[in-house]
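Visitor: Sharing a model prediction with you, sequence too.
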Amino acid sequence: MTLSSRFSLSVGLLATLCLAAIIHILVVLSIPHNVLHSAYDNIGTYGPDRQFNLLPDVRPGEEALPDLDPAMKHAACRFQLADGPVLFDASIPVPFWSIGLFNAAGEAVYSLNNRTAGAERLSMLVLTTEQLSILRENPPENLEDLIVIETEEPLSGFALLRAYVPHPTREDSIDRALQAASCGSIR
Amino acid sequence: MSDTGFRPAHGEADWYDERLPRAIRSHRFNPIRTLATITLVVVLASLLGISSAYLIIEREQPLNAVTLGPWHAYPKAGTSEADPYSVAIYTRGAVIPLASGEGLALVAREDSNGHQLDPTCVYRIAGQTPSARLWTLTAVDGHGRLVKTMSGRVNLASDTLLRNPDGTFEITAATWPHSGNWLPLAVGARAADGLRFVLRVYDAPVTTGAALDGVTMPTIDRMGCP
């Protein structure tokens, strides 16, 4: 059986389009698995895990990470909940600061700013459900005052702390406050 | 003499004859032709699929945009509810988004008349922003990178802004200094470098669930180009 040339041309075009659509979808879906430098990897280059590392100031041509606000100073901390709960503690004397928790894929897990934190001081505990039940058996005194974030899976990710610099003269004190911020074990 | 004269009038010997309709004519299998067709289809499909994916990702404009005049926001991008294109764009750029509890970034790539922003032009950004505790306005190039400016400053913040008595403001975005609120643009930029304005509103109701509809955003007007 021979098909008419117009019919075979349409079949060929249709096959091309269907295959192109499949390839398009596969390419888009495979990009996240094939990136050379994820945000999680980039943050690892600024210092050891489980402590806040001050990122260099955001200036033209020397941005520490893409798409950061040049009006802010940033500190980042990479952590793995498999190594134990993480306690974030910081006191930053600026009109605005915020912290975002991201998983290794760079998706926001939790975030708050100094107004929603309810206190001038940031004290936040991130742990898995299992770690929380262990902790409850022998709770630390200040557990009630902490913002407790419970995750089901042992999260590997990073926290990014942003502090607004209202005036260049405040830069030093903000740097010190960000360096003093802790991201470590509960005791 | 016609050549049909050599053939039986009613026989099966001419079943392959050219006069038969194409659909029931015998098919002579031609492996090289089939292979060539399949190769052509696969090559064309790969080209089409890969280039269309590249173009969409390279444009760096996630889907599901919330559009407010010339401004676009992507509140879902960078969360677990993001669409695959946003995920690809954000992971490829290793971009850390502003999370919903921190703020919302609004990006303008065009002025209020729909013309592409050009770093050699002078723009007037005027009006009001959504209510927020703090906002910053940054000028970046077409790839979202910061640029060198005359003053060394690349942004403006809401707490140092000069405002009209009714709370509105006017910002002049230009390479050369201007009186009033001046947002410096790149020095020695060419039109091809591209320009984007990024307005980051921090701790604003619009980032914490309140609807983005009906929010007033500043307009961007082109004042002049060289």
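Guide: Thanks, I have it.
Visitor: Okay, now the unreliable bits of the chain?
Guide: Going with chain A. Within chain A, the stretches with pLDDT under 70 are A:1-3, A:187.
Visitor: Let me rephrase: I mean chain B.
Guide: B:1-28, B:207-211.
Visitor: Can you show me the strands along it?
Guide: Taking DSSP state E as the test, the strands found in chain B are B:66-68, B:71-73, B:103-108, B:122-127, B:134-140, B:155-157, B:169-174, B:181-184, B:196-202, B:219-224.
Visitor: now chain A
Guide: A:53-54, A:72-80, A:86-91, A:97-103, A:108-113, A:121-128, A:147-151, A:156-164, A:182-184.
Visitor: returning to what we had before: which of the strands of chain B sits closest to chain A?
Guide: Among these, strand B:134-140 comes nearest to chain A, with 4.4 Å by CB to the nearest CB. Backbone N, C-alpha and C define where each C-beta goes, glycine included.
Visitor: Packing partners of that closest one?
Guide: strand B:155-157, strand B:181-184, strand B:196-202 (3 or more CB pairs under 8 Å, 6 or more residues apart in numbering or on different chains; DSSP states H and E).
Visitor: Mind listing the strands the last one pairs with, and their directions?
Guide: Read it as strand B:196-202. Paired neighbours of strand B:196-202 in the sheet (DSSP bridges): strand B:103-108 (antiparallel), strand B:134-140 (antiparallel).
Visitor: what residues does the last one touch?
Guide: It stands for strand B:134-140. Here strand B:134-140 makes contact (CB atoms under 8 Å, 6 or more residues apart in numbering or on different chains) with A:69-71, A:95-96, A:164, B:119, B:125, B:129, B:146-147, B:149, B:154-159, B:171, B:173, B:183-186, B:195-204.
Visitor: Which residue ranges make up the domains of chain B?
Guide: Following automatic domain parsing, one finds the domains of chain B at B:1-58, B:63-224.
Visitor: Same check on chain A?
Guide: A:1-34, A:39-184.
Visitor: Same list (those domains) but as CSV, adding mean neighbour count and distance to chain B.
Guide: Formatted as CSV, these follow (neighbours: other CB atoms under 10 Å in any protein chain shown; distance: least, CB to the nearest CB, whole Å):
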stretch, mean neighbour count, distance to chain B
domain A:1-34, 14, 3
domain A:39-184, 18, 3
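Visitor: Would you state the helices of chain B in chain order?
Guide: B:31-58, B:84-92 (DSSP state H).
Visitor: So the residue nearest the centre of chain B versus residue B:74, what's the distance?
Guide: Central residue of chain B (CA atoms, centre = their mean): residue B:61, 3.2 Å from the mean position. Distance of residue B:61 to residue B:74, given as CB to CB, to the nearest Å: 9 Å.
Visitor: nearest spatial neighbour of the residue nearest to the spatial centre of chain A, skipping sequence neighbours?
Guide: Chain A has residue A:102 as the residue nearest its centroid, 2.7 Å off, counting by CA atoms, centre = their mean. Leaving aside its chain neighbours, residue A:102 sits nearest to residue A:157 (5.2 Å; criterion: CB to CB, 6 or more residues apart in numbering or on different chains).
Visitor: In PyMOL, how would I select the buried members of the contacts of strand B:134-140?
Guide: Remark: buried members of the contacts of strand B:134-140, expressed as a PyMOL selection using 16 or more other CB atoms under 10 Å in any protein chain shown:
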select buried, (chain A and resi 69+70+71+96+164) or (chain B and resi 119+125+129+146+147+149+154+155+156+157+158+171+173+183+184+185+186+195+196+197+198+199+200+201+202+203+204)
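Visitor: re earlier: now for the helices of chain B, which one comes closest to residue B:115?
Guide: helix B:31-58 (21.2 Å; CB to CB).
Visitor: In terms of secondary structure, what does the closest one contact?
Guide: helix A:5-30, helix B:84-92.
Visitor: List the beta-bridge partners for residue B:172.
Guide: residue B:124, residue B:182.
Visitor: Many thanks, we can stop here.
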